[in-house]
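Asker: Give me the fold of what follows.
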Amino acid sequence: MTTNEPVLQIQHLNKDVKQNNEGQYERKNRRALVDIGNLAPTVVEVGKPTQISRPVTRNFCTQLGENAQPAADKNVKIQKPQPEPNKGDVPLKPHEETPRIKSKKPSKSLTTVLTARSKAACGITTKPKDLVADIDESDINNELAEVEYVEDIYKFYKLSETEGGLQDYMNSQPDLNAKMRAILIDWLIEVHRKFNLMPESLYLTINIVDRYLSVKKVPRRELQLVGISAMLIACKYEEIWPPEVTDLIEISDNAYPREQILTMEKAILGHLGWYLTVPTPYVFLVRYSKASLPYDSEMENMVFFLTELGLIHYSVIITNCPSKLAASAVYAARCTLKKTPAWTETLKHHTGYYEHELRECAKILVTFHECASETKLKAVYRKYVNPEKGAVALFPPARNLEAVVSDGDSE
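Answerer: The predicted structure is shown next:
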């Protein structure tokens with residue numbers, strides 16, 4: 001082999017190498033071609049497309065068409081016309097058949113089957129439930145509504161009312177009875193209305209009175225003093241502009257001097273440990289009334305009317321925690337206003353009470369409504385007979401409450 005043979009082989013294998021003037025070989029800087037979308041398939045056999053690396057031109061396209069047609073006429077077989085595929089379908093190869101679409105039913109897991117059989121064996125049937133409405137949807141952009149924390153807040157309220165619930169204290173009060181307490185609460189409701197105070201102040205005042213009477217024996221002559229001092233504390237806690245001590249002295253017909261009111265105020269705070277952030281029925285009424293859809297002012301006034309009737313009576317506030325009293329008032333109000341159904345899944349979800357748990361307390365509230373115009377304690381009746389409160393006290397009471405039973409009451 002001569003010395004030129006390797007050079008010829010290199011030139012044969014690599015055509016990008018050229019010889020410079022000094023007899024040395026150097027490589028050209030040539031970039032590899034890439035597919036830029038101008039490659040056209042050529043048909044060698046029917047159904048077997050290949051690609052060529054020749055740019056597509058008009059003459060080349062004409063040549064491809066002339067060469068491919070005779071080959072196709074020789075090899076193509078007559079086939080039944082196939083429907084045109086939809087856009088996005090993958091084209092089938094000639095030897096493939098059109099796939100048959102099979103409707104496959106979702107298979108149930110073994111756990112689902114066993115659970116269904118267990119419920120059937122125990123007599124548990126799945127019944128359709130009303131959807132729980134999102135009552136906070138309209139307040140999602142209201143920062144004061146605290147939508148992100150409202151559920152946790154009310155869980156804490158329910159826990160707090162259970163831990164700090166009132167006990168029957170009337171037997172430990174030798175100089176007081178339930179009737180005296182009812183007279184005091186009726187008077188406080190009237191004072192609250194004349195001062196045009198916030199609803200929170202009234203409910204906190206009654207809560208302070210009951211908690212103080214449960215830990216301290218009070219003589220009969222100081223019972224009204226306890227009520228005035230409790231209202232002063234509640235107004236300082238809830239109101240922006242609370243009434244002054246002189247206003248309370250005047251409205252109590254100068255029964256107690258200023259120093260005695262301030263001394264009682266200090267004594268109450270000391271015995272209660274300055275603990276004033278408590279879940280009164282008011283906080284539950286606001287939430288439960290909102291869950292009573294459709295929510296309107298008539299429903300709201302009726303709920304508060306029935307609740308305040310219950311607050312006057314000692315037996316009601318002792319036997320029912322604040323959340324249950326509020327839920328019973330909502331249930332009785334819906335029966336009075338003939339809302340159907342009387343108790344919904346939304347109310348059940350937000351209150352945590354079933355309908356049968358509230359019926360006894362609701363019956364008592366309806367009884368108070370029925371005789372509100374005839375009783376001697378008329379502060380609540382005068383308050384809600386006013387057109388500003390919708391005159392809900394004049395509505396006929398729900399005498400058919402016992403007949404109002406939902407389908408889910410057996411739960």
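
Asker: Could you chop the chain up by domain?
Answerer: For the chain, automatic domain parsing gives the domain ranges 168-272, 281-403.

Asker: Let's verify Phe156: helix, strand, or coil?
Answerer: helix (DSSP: H, G, I helix; E, B strand; the rest coil).

Asker: In contact with it, which residues?
Answerer: Shown in contact with Phe156 (CB atoms under 8 Å, 6 or more residues apart in numbering): no residues. Every C-beta, even on glycine, is put in place using the N, C-alpha and C of the backbone.

Asker: what's the spacing between it and Thr162?
Answerer: From Phe156 across to Thr162, the span is 11 Å (CB to CB, to the nearest Å).

Asker: so which strand or helix has Leu223?
Answerer: helix 223-238 (DSSP states H and E).

Asker: So which residues make contact with that helix?
Answerer: With contact meaning CB under 8 Å, 6+ apart, helix 223-238 is reached by 176, 180-181, 184-185, 187-188, 191-192, 197-198, 200-202, 204-206, 208-209, 212-213, 218, 242-243, 245, 248, 252, 255-256, 260-261, 264-265, 268-269, 276.

Asker: For ChimeraX, write a command that selects the buried ones of those.
Answerer: Burial among the contacts of helix 223-238 is assessed by 16 or more other CB atoms under 10 Å; the matching ChimeraX selection reads:
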select :176,180,181,184,185,187,188,191,192,197,198,200,201,202,204,205,206,208,209,212,213,218,242,243,245,248,252,256,261,264,265,268,269,276
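
Asker: can you pull out the helices in the stretch 301-411 of the chain?
Answerer: 314-319, 322-336, 345-351, 355-370, 379-384 (DSSP state H, counting those that start in this stretch).

Asker: looking at those, which is closest to Phe284?
Answerer: helix 322-336 (3.6 Å; CB to CB).

Asker: can you tell me the average pLDDT over that closest one?
Answerer: Helix 322-336 shows a mean pLDDT of 95.

Asker: Under the pLDDT cut-off, which ranges of the stretch 1-150 of the chain? List them.
Answerer: 1-116, 118-130 (pLDDT under 70).

Asker: From Thr344, how far out is the closest residue to Asn400 other than its chain neighbours?
Answerer: Spatial nearest neighbour of Asn400, excluding adjacent residues (CB to CB, 6 or more residues apart in numbering): Cys335 at 7.7 Å. To Thr344, Cys335 is 13 Å away according to CB to CB.

Asker: okay, those two: which has more neighbours?
Answerer: Cys335 (25 against 22; other CB atoms under 10 Å).

Asker: pretty sure the more buried one is touching Pro341, no?
Answerer: No. Using CB atoms under 8 Å, Cys335 is not in contact with Pro341, being 10.4 Å away.

Asker: Tell me the secondary structure at Gln167.
Answerer: With three-state DSSP as the criterion, Gln167 reads coil.

Asker: Give me the nearest residue to it, chain neighbours excluded.
Answerer: Here the nearest residue to Gln167 in space, its sequence neighbours aside, is Ser214; by CB to CB, 6+ apart that works out to 6.1 Å.

Asker: Also Val191?
Answerer: Leaving out its chain neighbours, the residue that sits closest to Val191 by CB to CB, 6+ apart is Ile251, at 5.8 Å.

Asker: do you know how far the one you found is from Leu131?
Answerer: 50 Å.

Asker: Between the two, tell me which one has more neighbours.
Answerer: When Ile251 and Leu131 are compared on other CB under 10 Å, the one with more neighbours turns out to be Ile251, at 17 against 9.

Asker: if I pick that one, what's in contact with it?
Answerer: By CB under 8 Å, 6+ apart, the contact set of Ile251 is Val191, Lys194, Phe195.

Asker: let's see it at 10 Å
Answerer: Trp187, Glu190, Val191, Lys194, Phe195, Ile228, Met231, Pro243 (CB atoms under 10 Å, 6 or more residues apart in numbering).

Asker: Read off the pLDDT value for the residue nearest to the fifth one when sequence neighbours are not counted.
Answerer: Using CB to CB, 6+ apart and skipping the chain neighbours, the partner closest in space to Phe195 is Pro243 (5.5 Å). For Pro243, the model assigns a pLDDT of 93.

Asker: before we move on, what about the one 5 residues further on?
Answerer: Predicted confidence (pLDDT) at Leu248: the value is 94.

Asker: What are the contacting residues of stretch 210-219?
Answerer: So stretch 210-219 is contacted by 164, 166-170, 172-176, 181, 184-185, 209, 223, 225-227, 229-230, 233, 264, 267-273, 275-276, 278, 311, 314, 317-318 (CB under 10 Å, 6+ apart).

Asker: are any of those buried, and which?
Answerer: So, by 16+ other CB under 10 Å, the buried ones in these are 166, 169, 173, 176, 181, 184-185, 209, 223, 225-227, 229-230, 233, 264, 268-269, 272, 276, 278, 311, 314, 317-318.
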